[in-house]
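Make a model of this:
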Amino acid sequence: MKNLLAISTVALIAGIASNASAACGTVTVANMNWQSGELLAHVDKFILEHGFGCQVEFVPGDTVPTITSMVEKGQPDIAGEAWVDLVPEIVRRGVDEHRIVNIGPALTDGGIQGWYIPKFIVDAHPEIKTVDDAFAHPELFPAPENTAKGAVFNGPTGSGGSVVTAQLFKAYGGEAKGFDLVDPGTQAGLDGAMARAYEHKEGWMGYYWSPTALLGKYSMVRLEAGVTNDAAEWKRCNTVADCPDPKKNEWPKDHVVTLVSQKLAESGNAGVIDYLRKRSWDNQTVSSVMSWMTDTQAGGDDGAVHFFKEHPEVWKSWLSADVAEKITAAF
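Model (predicted):
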């Protein structure tokens with residue numbers, strides 16, 4: 001009788017697990033080809049598999065092809081970190097035709113670009129809050145080739161950030177205020193310039209964005225523009241390299257959301273949809289995990305486990321208590 005009871009219990013547990021897995025089934029997830037996107041894909045995979053019994057299959061992902069495929073082919077089921085402002089027409093068509101669903105923000109802060117300075121400069125000079133404030137102190141941000149002048153480091157050559165930074169440098173009168181606009185060439189050149197200055201406790205000002213591993217490693221402060229964003233002016237001149245009369249402007253925030261296929265949204269997997277709707281994290285958390293991944297040369301799978309261990313207050317807020325216990329047991 002005891003053996004029969006044990007066998008029945010095992011069968012019941014197996015049946016429950018099988019039903020849970022069957023209820024979720026196979027879910028395809030875009031594994032984006034940038035670090036934060038890769039990290040989030042592995043976080044989703046871990047939680048969907050261990051928390052909801054799904055079978056997750058990764059699909060190589062990038063912004064334009066992934067979102068286009070979701071709209072035209074219904075695959076993949078999830079684009080965890082979708083920068084929708086890059087393809088607004090495709091996203092709008094997908095939503096209007098009931099092919100994709102914007103489930104909510106992936107980054108609570110949004111994608112952020114702008115000009116940054118080290119926090120130790122702000123601590124020593126709390127009056128510096130805006131670009132104009134910084135331009136009043138060229139001596140605090142010495143140019144590498146001529147320390148008698150200040151410097152603003154541009155974005156990598158050919159990037160959208162480099163075009164806008166050059167236009168804003170003109171708009172704020174950087175040259176007349178004793179500054180040079182420095183071209184770092186590559187992403188590595190920009191990263192190296194910021195890292196060297198920070199490690200030597202020297203002033204630095206330049207273009208950067210968040211979330212990124214470097215801003216998880218170094219405490220940098222984004223300068224305020226001193227004006228609100230003018231979308232029409234941004235489009236007319238701030239983003240056009242040869243526009244002769246750019247105006248001061250605030251960088252707009254990029255909307256970074258989670259998109260799911262209509263099929264998944266209507267699949268009856270209420271727990272999965274509820275998780276994805278709640279699953280949103282701030283840029284500092286993402287940047288700190290990315291910094292650890294870079295320093296340890298870890299991939300997205302190890303990065304996800306590091307996140308679970310270091311930030312339980314974040315991911316537990318996305319889940320019910322019983323699912324959170326499954327995740328804790330799994331890692």
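
where exactly do the helices run in the stretch 151-300 of the chain?
Shown for the stretch 151-300 of the chain, the helices assigned by DSSP state H, counting those that start in this stretch span residues 160-171, 187-199, 213-217, 231-233, 262-265, 270-278, 283-296, 300-310.

okay, now the closest residue to residue 177 other than its chain neighbours: neighbour count?
Once flanking residues are discounted, residue 177 sits nearest to residue 135: 4.5 Å by CB to CB, 6 or more residues apart in numbering. From N, CA and C alone the C-beta is placed, and that goes for glycine too. Neighbour count of residue 135, defined by other CB atoms under 10 Å: 22.

got any ranges where the stretch 1-150 of the chain has weak pLDDT?
Within the stretch 1-150 of the chain, the segments meeting pLDDT under 70 span 1-22.

quick one, strands of it?
Under the criterion DSSP state E, counting those that start in this stretch, the stretch 1-150 of the chain contains strands at 26-32, 55-61, 78-83, 100-105, 112-118, 150-153.

Identify, out of these, the most deeply packed stretch.
A comparison of these by mean neighbour count, using mean count of other CB atoms under 10 Å, puts strand 78-83 on top with a mean of 27.

relative to strand 55-61, how tilted is it?
Strand 78-83 runs at 30 degrees relative to strand 55-61, counting by axes from the mean of the first three to the mean of the last three CA atoms, to 10 degrees.

Residues contacting strand 78-83, please?
Strand 78-83 is contacted by residues 27-30, 32, 36-37, 40-41, 43-44, 61, 63, 66-67, 70, 91, 106-107, 111, 254-261, 264, 276 when judged by CB atoms under 8 Å, 6 or more residues apart in numbering.

can you give me the angle it makes with helix 283-296?
100 degrees.

CA atoms only: put stretch 297-304 into CSV for me.
Listed in CSV are the C-alpha atoms of stretch 297-304, where the atom choice follows Å, rounded to 0.1, in the frame of the first residue of the first chain:
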residue,chain,number,x,y,z
GLN,A,297,33.7,38.2,-19.2
ALA,A,298,30.4,36.5,-18.4
GLY,A,299,27.6,35.8,-20.8
GLY,A,300,23.9,36.4,-20.4
ASP,A,301,23.3,33.2,-18.6
ASP,A,302,25.8,33.9,-15.8
GLY,A,303,24.7,37.5,-15.8
ALA,A,304,21.1,36.4,-15.1
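
Thanks again, I'm all set now.
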